[in-house]
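Q: Everything below, folded, please.
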Amino acid sequence: MRITTQKGQVVLQADHTPIADVRHLTDIQMRALGVSRVAYIKPVIIEGEDAFAIHAADGTPMALTEDQETAIEAILQHEMVPALLH
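A: I've put the predicted structure just below:
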């Protein structure tokens, strides 16, 4: 919906802007959604030991930690939003 005014009256108009398919967003559209501020935490096994991998929203590996709490703290320290993967 779009809100406009006509002759001093507030008018609601249907907005026929197509909804983007999130599977086909451009890098610019993803950044506009704030995806560059999201980091994912994924449990992994490294050399037989449990660990937690931190990845950027585009899948780029960023860090490994020994526990989930440390991963969350690291993400928050960098002013990003943590998201957990199972």
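
Q: mind showing which ranges of the protein have poor pLDDT?
A: 1-4, 10-23, 25, 27, 30-31, 33-35, 86 (pLDDT under 70).

Q: Could you pull out the helices in it for me?
A: According to DSSP state H, the chain carries its helices in the segments 27-32, 68-77.

Q: Tell me the buried residues in the longest one?
A: When neighbours are counted by 16 or more other CB atoms under 10 Å, the buried residues of helix 68-77 are found to be A71, I72, A74, I75. In this view, the C-beta of every residue, glycine as well, is placed from N, C-alpha and C.

Q: from those residues, which is closest to A56?
A: Within the buried residues of helix 68-77, the smallest distance to A56 is 10.4 Å, found for I75 (CB to CB).

Q: doesn't E69 make contact with that closest one?
A: No. Shown here, I75 and E69 do not form a contact pair, counting by CB atoms under 8 Å, at 10.9 Å.

Q: quick one on the thing from earlier: would you turn the buried residues of helix 68-77 into a markdown table with distance to H55?
A: Compiled in a markdown table, the buried residues of helix 68-77 are given as follows (distance: CB to CB, whole Å):
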| residue | distance to H55 |
| --- | --- |
| A71 | 10 |
| I72 | 14 |
| A74 | 12 |
| I75 | 10 |
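
Q: Identify the farthest-apart pair in those residues.
A: Within those, I72 and A74 form the most distant pair, 7.3 Å apart (CB to CB).

Q: Spit out the residues that contact the two alike.
A: Residues within reach of I72 and of A74 at once, by CB atoms under 8 Å, 6 or more residues apart in numbering: there are none.

Q: that older thread, could you dump the helices of the chain into CSV with distance to P61 added?
A: Formatted as CSV, the helices of the chain follow (distance: least, CB to CB, whole Å):
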stretch, distance to P61
helix 27-32, 18
helix 68-77, 12
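
Q: In contact with H55, which residues?
A: Contacts of H55 were listed using CB under 8 Å, 6+ apart, and they are A39, Y40, K42, P61, M62.

Q: please redo it, this time with the cut-off set to 10 Å
A: Shown in contact with H55 (CB atoms under 10 Å, 6 or more residues apart in numbering): V38, A39, Y40, I41, K42, P61, M62, A63, A83, L85.
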